[in-house]
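S.K.: Provide a 3D model corresponding to the input given below.
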Amino acid sequence: MKGAKLEASMKHVTFLAVLLLHFCGALSLLAEVKLPSHFSDHIVLQRDMKAPIWGTAAAGEEVTVEFAGQKKSCKTGPDGKWRVDLDPMPASSEGHVLTVTGSADGQAVRIADVLVGEVWLCSGQSNMDFTVAKTDRFYFCGVTNEAQEVAAAQYPLIRMFTSDFARSYAPRDNIPGCAWKVCTPENVREFCAVGYFFARDLQKEINVPVGILALTYGASTAQAWIRREALAANPQLKPMLEAFETDVKLAATETNRVAREAKLKKWEQARAAAKAAGKREPKRPKVFEPEQDQHSPTVMFNGVIAPVIPFAIRGVLWYQGESITTGGVALYPLLQSTLIQDWRRLWNEGDFPFYVCQLAAFNPAATDPNVPGKIPATREAQATVLSLPNTGVAVTIDIGDAANIHPKNKQDLGDRLTRIALAKVYGRQIEYSGPMFEAMKVEGRSIRVTFSHVGGGLMAKGGPLRQFAIAGADGQFVWADAVIAGGSVVVSSPQVAAPVAVRYAWADNPAGCNLYNSEGLPAVPFRAGP
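M.R.: Alright, predicted model coming up:
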């Protein structure tokens, strides 16, 4: 009897000991200081402004951050979150160590090879997702002169952080599986091409480290990158959010859940078989899963933007517009301005630079000036960004591909974005835009168009001006003759005696459009008139 009691007592002690070990382990886990994934070795911190550093630890724990002679401490809140702001720092090409230490156990997180320089965020859909090289993962990519560009990409002061394809119904705290990478021929292959060429050209000009946050997703819509609160606050945009919520509830029904799981299970089996056979894995099938659809409102903001706010950045490069769904192009200017204003509000850095890449030429060459296609209206909607402060538009009308919505010439686009930044941010006295429509004036049988950003003068590249069209009161456009007259272009046609409207490069693919300024920058497509 006594033996049985003793045995029971020992079992009880053992149980308590195991429980205590688990409890201590849980405490240890809670006390572990953690930072989001975008705080990794080789990171670039923004110079000349406060640099927020944040993460999690045990509730009430004191956390100390040390970097380049600075030492900052704070206590975590009840939710275990902490944040310190490093004081503004000058640029530094010397790799420092950033150390974060928790008071509970004294263990430290060390981030090595940290530089201080310029940080830009690149976001949008597949043309921003487009990588320098063609790879198994990025099969549609690969820039012009890919092999030469890859071989020459040895720039230790350029680093890039590329997000995973993370979509989410609710804001995330972290982007899984990501890290900063130094620009080398090996790493550059999967660098965002627009971001890389921008960083390369910028770094050569300003001679400080440049970091790029590449947060992109192919086919994503503008509303996918806007947070819930901003959409809900606008009567014109709120219906998008409400329709999304309805779809989320529908997807959660038992019938849809079972069908979705069966389809995904079949795909996982095919994926495993392909991997075992050394073959390319099949694409994930489309299933009714609204919170994982990059066209849905909020999901990209929640997945990859929310986790990096308020990481200090200089500005944003944005390439999106091919995917316009709910509301059509009429709502795009509102979506674009809502996104920009809300991101600026959340980052709390003021009106930071926001530069838009206008859509390139695509589809067969235009033959009828009265059938422009759908893309010109999108380009026009993108250009409305210029009504907001500290914005810019990089024109790509002359570097597109009629047969490929993903043009390979990302070098010229990087150059044009760099020009905007150099002029608007870094104080260079250079022309940064091609000729931009300013006004039109009817002069008898002609229309005179004046431009801003003429630089050293207007020029027609490769022959007479092309892709100008005019119309009379009947609204029927005809191809027109156009000649440069100083800082203006005079447009006319013998078929139109009394012109009232004019267009330039107003087509999906205005092949041969050739109005430039002397700096070699293409004119912005436009339409004017009643």
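S.K.: which residues does V454 contact?
M.R.: 435, 487, 517 (C-beta atoms under 8 Å, 6 or more residues apart in numbering). In short, each C-beta sits where N, CA and C put it, glycine included.
S.K.: just C513 next, same as before
M.R.: 397-398, 466-467, 504-505, 522-523, 525.
S.K.: ok, now with 7 Å
M.R.: Contacts for C513 (C-beta atoms under 7 Å, 6 or more residues apart in numbering) come out as 397-398, 466-467, 505.
S.K.: and if you look at E94?
M.R.: Contacts of E94 (C-beta under 7 Å, 6+ apart): none.
S.K.: Then K81?
M.R.: Applying C-beta under 7 Å, 6+ apart, we find K81 in contact with T56.
S.K.: Closest one to D342 out of the contacts of V454, please.
M.R.: P435 (32.0 Å; C-beta to C-beta).
S.K.: what about that closest one, distance to I484?
M.R.: From P435 across to I484, the span is 10 Å (C-beta to C-beta, to the nearest Å).
S.K.: For the nearest residue to A394 once chain neighbours are set aside, which three-state class applies?
M.R.: In space, A394 comes closest to R416 once its chain neighbours are excluded; the distance is 4.2 Å by C-beta to C-beta, 6 or more residues apart in numbering. Three-state call for R416 (DSSP: H, G, I helix; E, B strand; the rest coil): helix.
S.K.: mind checking pLDDT for R416?
M.R.: Per-residue pLDDT puts R416 at 98.
S.K.: which intervals of the protein have sub-threshold pLDDT?
M.R.: 1-31 (pLDDT under 70).
S.K.: residue ranges for the helices of it, please.
M.R.: 2-31, 126-129, 146-151, 193-206, 228-232, 238-251, 254-276, 299-300, 332-347, 375-383, 411-424 (DSSP state H).
S.K.: closest one to R314 among those?
M.R.: For R314, the closest of these is helix 411-424, at 8.2 Å, according to C-beta to C-beta.
S.K.: re the thing from before, mind listing what the residue nearest to A394 touches?
M.R.: R416 touches 394-395, 521, counting by C-beta under 7 Å, 6+ apart.
S.K.: again, but for I43
M.R.: So I43 contacts 111, 114, 180 (C-beta under 7 Å, 6+ apart).
S.K.: Mind listing the residues bridging to the second one?
M.R.: Same thing as V114. Beta-bridge partners for V114, by DSSP bridges, are H96.
S.K.: Touching, it and V100? I think so.
M.R.: No: here V114 lies out of contact with V100, judged by C-beta atoms under 7 Å, at a distance of 11.8 Å.
S.K.: tell me the domain ranges of the protein?
M.R.: Here the chain is described, according to automatic domain parsing, as comprising the domains 228-295, 436-528.
S.K.: list the contacts for A383?
M.R.: By C-beta under 7 Å, 6+ apart, the neighbours of A383 are 358, 393, 524.
S.K.: Roughly how far does it sit from V356?
M.R.: On the measure of C-beta to C-beta, A383 and V356 end up 8 Å apart.
S.K.: so what's in contact with these two at the same time?
M.R.: With C-beta under 7 Å, 6+ apart as the test, A383 and V356 both reach V393.
S.K.: So what's the residue count around G462?
M.R.: The tally of other residues near G462 (other C-beta atoms under 10 Å) stands at 9.
S.K.: If we ignore the residues flanking it in sequence, what's nearest it?
M.R.: Nearest to G462 is N514, by C-beta to C-beta, 6+ apart, at 5.6 Å.
S.K.: what's near enough to touch that neighbour?
M.R.: Per C-beta under 7 Å, 6+ apart, neighbours of N514: 460-462, 465-466.
S.K.: Now, those that are in strands?
M.R.: Taking DSSP state E as the definition of strands, the contacts of N514 contribute A460.
S.K.: Just the buried ones out of the contacts of N514, please.
M.R.: 465-466 (16 or more other C-beta atoms under 10 Å).
S.K.: Let me have the contacts of N514 in TSV, adding distance to A306 as columns.
M.R.: Converted to TSV, the contacts of N514 look like this (distance: C-beta to C-beta, whole Å):
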residue	distance to A306
A460	48
K461	44
G462	47
L465	47
R466	46
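S.K.: Pick the one among the contacts of N514 closest to L45.
M.R.: Looking across the contacts of N514 and measuring by C-beta to C-beta, the closest to L45 is K461, at 41.9 Å.
S.K.: Tell me the spacing between the residue nearest to that closest one when sequence neighbours are not counted and Q294.
M.R.: The spatial neighbour of K461 that comes closest, neighbours along the chain excluded (C-beta to C-beta, 6+ apart), is N514 at 4.5 Å. For N514, the distance to Q294 (C-beta to C-beta) stands at 36 Å.
S.K.: do the same with S518
M.R.: 41 Å.
S.K.: circling back to that earlier point, looking at the contacts of I43, which one is closest to K238?
M.R.: Closest to K238, out of all of the contacts of I43 and judged by C-beta to C-beta, is W180, at 37.5 Å.
S.K.: so that closest one sits right up against R159, yeah?
M.R.: Yes: with contact defined as C-beta under 7 Å, W180 counts as touching R159 (5.0 Å).
S.K.: Just name the closest of the contacts of N514 to D412, please.
M.R.: The closest of those, once distances to D412 are taken by C-beta to C-beta, is K461, at 13.4 Å.
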